[in-house]
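In: I would like the atomic coordinates for the input below:
(4 chains)
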4 protein chains.
Amino acid sequence: MKGRLLSFTLFGESHGMAVGVLIEGLPPGIEVNVEELRGELQRRKGIPRFSTKRREDDEPVILSGVFNGFTTGTPVAVMVWNGDVDSSYYEEIWHTPRPGHADYPAGIKYFGYNDYRGGGHFSGRLTVGAVIAGYFAKKLLEREGIHLRAYIKRIGRVECPEVTPEAVFSSENPYCPHAESFEMMVEEMERARAEGDSVGGVVEAIALNVPPGLGGPWDEDIEADIASALFRIPAVKGVEFGLGLGFAEKRGSEANDPFVIRNGKILTETNNHGGVLGGITTGMPLVVRAAFKPTPSIYLPQRTVDLAKMEETGLRLRGRFDSCIVPKALPVVEAVVAFVLADHLLRRKAWEGVVM
Amino acid sequence: MKGRLLSFTLFGESHGMAVGVLIEGLPPGIEVNVEELRGELQRRKGIPRFSTKRREDDEPVILSGVFNGFTTGTPVAVMVWNGDVDSSYYEEIWHTPRPGHADYPAGIKYFGYNDYRGGGHFSGRLTVGAVIAGYFAKKLLEREGIHLRAYIKRIGRVECPEVTPEAVFSSENPYCPHAESFEMMVEEMERARAEGDSVGGVVEAIALNVPPGLGGPWDEDIEADIASALFRIPAVKGVEFGLGLGFAEKRGSEANDPFVIRNGKILTETNNHGGVLGGITTGMPLVVRAAFKPTPSIYLPQRTVDLAKMEETGLRLRGRFDSCIVPKALPVVEAVVAFVLADHLLRRKAWEGVVM
Amino acid sequence: MKGRLLSFTLFGESHGMAVGVLIEGLPPGIEVNVEELRGELQRRKGIPRFSTKRREDDEPVILSGVFNGFTTGTPVAVMVWNGDVDSSYYEEIWHTPRPGHADYPAGIKYFGYNDYRGGGHFSGRLTVGAVIAGYFAKKLLEREGIHLRAYIKRIGRVECPEVTPEAVFSSENPYCPHAESFEMMVEEMERARAEGDSVGGVVEAIALNVPPGLGGPWDEDIEADIASALFRIPAVKGVEFGLGLGFAEKRGSEANDPFVIRNGKILTETNNHGGVLGGITTGMPLVVRAAFKPTPSIYLPQRTVDLAKMEETGLRLRGRFDSCIVPKALPVVEAVVAFVLADHLLRRKAWEGVVM
Amino acid sequence: MKGRLLSFTLFGESHGMAVGVLIEGLPPGIEVNVEELRGELQRRKGIPRFSTKRREDDEPVILSGVFNGFTTGTPVAVMVWNGDVDSSYYEEIWHTPRPGHADYPAGIKYFGYNDYRGGGHFSGRLTVGAVIAGYFAKKLLEREGIHLRAYIKRIGRVECPEVTPEAVFSSENPYCPHAESFEMMVEEMERARAEGDSVGGVVEAIALNVPPGLGGPWDEDIEADIASALFRIPAVKGVEFGLGLGFAEKRGSEANDPFVIRNGKILTETNNHGGVLGGITTGMPLVVRAAFKPTPSIYLPQRTVDLAKMEETGLRLRGRFDSCIVPKALPVVEAVVAFVLADHLLRRKAWEGVVM
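Out: Next comes the predicted model:
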């Protein structure tokens, strides 16, 4: 994720030595609390019942860029060792690309040199580094009063009804602010699991107190940068802001958010645009959703091809799979949205420094 | 739109002297046919009935980078003069930001220095430059056998039923391959126009013969790059690939595309993933959709605030507005998707040059 | 020249329709005085006696990004039309690459598609756009109290003796603060011209009031960014800061600049480092030099190859050539140094905005 | 060092946990020989007599991006653990910035949050990561027949006389191909050491078999990219190509390299331009020189200021210092030049893939 002033780059492979992240452009003076960082990594483990149980403790090792508990302003490298893993199964099936996984196109992209064990660099395990990067970005945003929270908007056929941003932020349930929906979502995941299948979903992220004026048209567009960041998360296949795809069915008279004045502040009465107009934040809550496809790894029999023999064949995967990755995705979604916001915030500060 | 090897930057304002584009990274030897380029710009004018009638002829002036009918390999600058426009109306209303437009956040972003006349740099007129950039990208892709076509998937409540890529490419109707749907779409636009309102829609773009292996995970993700490009088009509020948001409701067993062999070639039986797995093209048709919000400019009365007096007020817009911009958006969508594909194609060639 | 927040891209060819520049990232509110801009372009014409006399008036046409006399914050495009030129001579000699010119490697780089007329995109005429970009950067820097000035340090065998920054800034001679040296430099250029030859030189640029803290190690290094910008100017073959190459012959005890306190401010007693330590500005005057090779176009007979016949041949150039481009280079050197400083200044402001 | 297709980013601090590098864009299939890599890191230790003796073994730990002995095509992270170091001395002197070091401007740049121990991120130790990145780049270049070698051109007052590229590449002395000069250089370093002082020098790097056509004008300029990379190495204060600063004293008739045909190949008879014309490689040996200032750490007493008391003071450094870092710099110079060449080579392949 390369911003203009803030970038992070993930490294590592699922069955390699470690996974991690290199973050560039973080300003000095961001306080780093390893306990909090561990907490973020813990959130990434999702709901135990529906997640694979890798033995890793995911202890972050801060290699550089933090000194006396604060960022220094130079590149921050953080890694997490991978535990011992048994890769023998992947040696066995590498020639039968798993449907829905990157195996086949990755083999072409990398001319066969890619590390195919456990998905290699494509593995969801790489999101460890994204969550770490997001931790730093969120700390920076918090200093400016900007807060983010992601929750599960949908699992399979179960959609959470519309809730206010306040309800999302004050919810004690870390997954979904609507208790009844959450129960049904859990059942939906249970059903998929029981049937050896998996199920997709939607995550909605909300950012509060985003100042107006971040972003711009075309190359400065903050929606484009956020969407770009979200699509980089494995399994994301759709992104929308505010009414999103729903805008397509609307009339202008319904979709336009009227400007109003409340307590001397200019707001919009509705927030159909999810806090962004013309690629620029309006000061209203930023609302974005990412659709996740169901985990491609399932226990049910599938059809694929044997690349060695160039013939069609059946495939029955073994191992431990997430029946739904959506709960795990919450801190990842927050992380990348926060990172983009932090980059745009810094760009804003640059202009404020010379114009105001 | 900044790719790794191919970038374009738009310049100009709606009521300024000209609009245009600077394209960097175009390889030499791309044949340039000005007649074709004019044709693309003509497509951008949309269906006359539903579009504003600016007097501009949109004659492309190629300032640099083309010599003897071919690109030279150095930056290509192309501009189109703006015709005379009357900006007096905007002087009148600049202090009452138009709902759904960027007026309000742009004023903050640019500290009041932005050219507010006709939307300035935010105007849809800027897409002229994007279409020009797309023309060059498409010419490059065509040499590699890659073809693109966008069509209207939805206008308001009217959705085009699922059609095959072949039907899209062979359709004689330049807007929608399904005649009956198109008729209904036109009616939907008529209704909005008659009521002084506007209506949104969805554009689907399909690319054929995209080689497998373009893209990659995280920073290389081609879906992220395409989504990023699409969201930069004004009015886009959602982007999805293949089943897109529909994935969220699916089971893995339904969503995974089984690999098959057809005529010695590895394909997937279905194409739920829209030609991209793990951020990499699979060789299947690339299918992406962008949702456009209804034009924010409508004739119906609206509510806004008077920034000068800091009080709420009514607003009734005058002028000529598109009741639906979706038909005009087709070449723009093709343009930016083509541009991203061309960038990734070049990156692929770099690796092929040293690995194969 | 791509900075992190500020970039410019040149377009155009010597015998094409126009040359110009697209500038991205300029903050809004920079006052634009076309008369001043014309003055900068006039400076680029050098000392009439030693410069070619193209008929162009070099009238800047501001296509975008300036409104009511101020930058808007969106991309600024400025171009200058090329006058009518006779390109027939270049058609005649394109197959005999001119020694010292880019003709031969450019033919390979661009697979023969490049515009070879008058050097095409390699022409010194492209510096028009750099000077324009520099004008905007200097205006921004001036608001922060930062001033730049370049002067001729050497022409051929004549070197200007060491002068104080103050002498440079207060000099009334726009080329060299040392009157006697300047006279000898003129003679040196005269001699070269009289003999149908050309001569090289060195330009030194000084920036005053650069705040300490711009730049950083490795990817943030401001010396690297300035050097990078200077080497992009055609004919530059060496760049050095402070003592520069002279450091190589020095002992540490001679080279280190002792820190001192003067009027409550931390300075260095000497400024061997040219205002940069560890890639970061120190607050002392920034001093950088660029060495220009002699204009490769000379009237004396030269040896080259005939690419069409693949045989060695003689070449005698016709036309009007600069016998020395160094005087013309002064505003170009100022421009690119100013541009890099402005980019780093903006980056600094971003951090100040969140840390201080 | 950010190239268009190939980038590396250094991380770590001198007294931190580790130093390392993240390399992005490396194509898959580059064979990695850890023994060779260790050898490169060993070269970076310089001539034992004149170098500090940190206890580190500099064992490269490849964290990612290499699988079964070949690069995978995904980010390569390599780190080297730092040995235990005693940082107490730096706690003692942090408020008295060392002349010639980055201490003072770094304190401002980082608002006091930087890790000042042993120079922190500014330390020469960071070049470990650059050398690692260079190893991969050189392996890639070697597959295309491109070879690099750097040697010491000058130490203090001792300059190596002009030698042919062939002599450089066939020399058995790893530091300087001219035995007598090398002896005198050693004496020069000895003298500096004996006197508690340090001395500067010049490194020249030569690349053979660089194909013509790499680079371009302005943003594509390969000299600018190489200079940019070299200036990022700590202590570099000047960079020049071919005759370099010497061009300034030359006439065009002396400086221009006549084109000739040798064995059916187009060459230049002389190579004053160091293999680059108009920012593009010509196919002649690429010749570049970087001037290094003397190590700022010396045993002689120096003057500085006490930032805590804001008064001038004396400083006498303790510890082990390199009396000359030039010998250690050879693999670093090779590394960054190789990295830039590799980036441009990949860009060339991209165009060849679509144009040829």
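
In: got a list of what the nearest residue to A:Asp221 once chain neighbours are set aside touches?
Out: In space, and not counting its chain neighbours, A:Asp221 is closest to A:Gly279: 3.4 Å by C-beta to C-beta, 6 or more residues apart in numbering or on different chains. The way it works is simple: take the backbone N, C-alpha and C, and place the C-beta from them, glycine included. Taking C-beta atoms under 8 Å, 6 or more residues apart in numbering or on different chains, we find A:Gly279 in contact with A:215-218, A:220-224, B:102, B:231-232, B:234.

In: you'd agree A:Pro97 is in a helix?
Out: No - A:Pro97 is assigned coil when assessed by DSSP: H, G, I helix; E, B strand; the rest coil, not a helix.

In: please report the distance of it from C:Asp343.
Out: 46 Å (C-beta to C-beta, to the nearest Å).

In: and for A:Val199?
Out: 48 Å.

In: neighbour count for those two, which is higher?
Out: Between A:Val199 and C:Asp343, counted using other C-beta atoms under 10 Å in any protein chain shown, the more crowded position is A:Val199 (35 against 25).

In: point me to the residue of the stretch 101-250 of chain A nearest chain D.
Out: A:Tyr113 (3.5 Å; C-beta to the nearest C-beta).

In: surely that residue meets D:Val66?
Out: No - shown here, A:Tyr113 and D:Val66 do not form a contact pair, counting by C-beta atoms under 8 Å, at 9.6 Å.

In: mutual contacts of the two, please.
Out: With C-beta under 8 Å, 6+ apart, A:Tyr113 and D:Val66 have common neighbours D:Thr72.

In: these two: who's more crowded?
Out: Neighbours per residue (other C-beta under 10 Å) separate A:Tyr113 from D:Val66, with D:Val66 holding more: 25 against 22.

In: so who does the more buried one touch?
Out: D:32, D:72, D:76.

In: next one: the first one from D:Val78, what distance?
Out: In this case it means D:Val32. Taken as C-beta to C-beta, the span from D:Val32 to D:Val78 is 10 Å.

In: now do the shared contacts for the two.
Out: D:Ile62.

In: neighbour-wise, which of the two wins?
Out: D:Val78 (26 against 21).

In: what's whichever strand or helix holds that one packed up against?
Out: Using DSSP states H and E, the element containing D:Val78 is strand D:76-81. Counting contacts by 3 or more C-beta pairs under 8 Å, 6 or more residues apart in numbering or on different chains; DSSP states H and E, strand D:76-81 is packed against strand A:7-12, strand A:18-24, strand D:18-24, strand D:61-64, helix D:127-143.

In: so which of those is nearest A:Pro258?
Out: strand A:7-12 (38.2 Å; C-beta to C-beta).

In: next, the angle from the closest one to strand A:76-81.
Out: 20 degrees (axes from the mean of the first three to the mean of the last three C-alpha atoms, to 10 degrees).

In: contacts for strand A:7-12, please.
Out: Here strand A:7-12 has contacts from A:1-2, A:18-25, A:79, A:82, A:121, A:125-126, A:128-130, A:133, A:339, B:218-219, D:9, D:22, D:24, D:63-65, D:74-77, using C-beta under 8 Å, 6+ apart.

In: quick check: mean pLDDT across the helix or strand where A:Pro327 lies?
Out: Using DSSP H and E, A:Pro327 sits within helix A:326-355. Mean per-residue pLDDT for helix A:326-355: 98.

In: is that helix in proximity to chain D?
Out: No - using C-beta under 8 Å from any C-beta of the partner chain, helix A:326-355 never reaches chain D; the gap is at least 14.0 Å.

In: how about the residues of the stretch 151-300 of chain A that lie near chain C?
Out: Going by C-beta under 8 Å from any C-beta, the residues of the stretch 151-300 of chain A near chain C are A:216-217, A:219.

In: a markdown table for those residues, including neighbour count, distance to C:Val326 and secondary structure?
Out: A markdown table is the format used below for those (neighbours: other C-beta atoms under 10 Å in any protein chain shown; distance: C-beta to C-beta, whole Å; DSSP: H, G, I helix; E, B strand; the rest coil):
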| residue | neighbour count | distance to C:Val326 | secondary structure |
| --- | --- | --- | --- |
| A:Gly216 | 24 | 40 | coil |
| A:Pro217 | 25 | 42 | coil |
| A:Asp219 | 20 | 37 | helix |
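
In: closest to B:Val158 among the residues you listed?
Out: With C-beta to C-beta as the yardstick, the closest approach to B:Val158 among those comes from A:Pro217, at 29.5 Å.

In: got the phi and psi for that closest one?
Out: phi -80, psi 160 (degrees, to the nearest 10).

In: who touches the residue in the stretch 51-200 of chain A positioned nearest to chain B in this structure?
Out: Ranked by C-beta to the nearest C-beta, the top residue of the stretch 51-200 of chain A for proximity to chain B is A:Ala102, at 2.4 Å. Counting by C-beta under 8 Å, 6+ apart, A:Ala102 makes contact with A:119, A:122, B:217, B:277-280.

In: A:Val337 too?
Out: A:148, A:150, A:205, A:207, A:226, A:229-230, A:286, A:288.

In: excluding chain neighbours, what is closest to A:Glu240?
Out: Leaving aside its chain neighbours, A:Glu240 sits nearest to B:Gly238 (3.4 Å; criterion: C-beta to C-beta, 6+ apart).

In: next secondary structure element downstream of whichever strand or helix holds that neighbour?
Out: Element membership of B:Gly238, judged by DSSP H and E, is strand B:236-241. Next along the chain after strand B:236-241, taking DSSP H and E as the criterion, comes helix B:252-255.

In: residues in contact with the next helix or strand after that next one?
Out: Scanning forward in sequence from helix B:252-255 by DSSP H and E, the next helix or strand is strand B:259-262. Contact partners of strand B:259-262, identified using C-beta under 8 Å, 6+ apart, comprise A:97, A:99, A:104, A:303-305, A:310-312, B:266-269.

In: just send these back as CSV, with secondary structure and distance to C:Cys160 too.
Out: Output for these, formatted as CSV (DSSP: H, G, I helix; E, B strand; the rest coil; distance: C-beta to C-beta, whole Å):
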residue, secondary structure, distance to C:Cys160
A:Pro97, coil, 69
A:Pro99, coil, 73
A:Tyr104, helix, 67
A:Arg303, strand, 79
A:Thr304, strand, 75
A:Val305, strand, 74
A:Met310, coil, 74
A:Glu311, strand, 79
A:Glu312, strand, 79
B:Ile266, strand, 70
B:Leu267, strand, 72
B:Thr268, strand, 71
B:Glu269, coil, 77
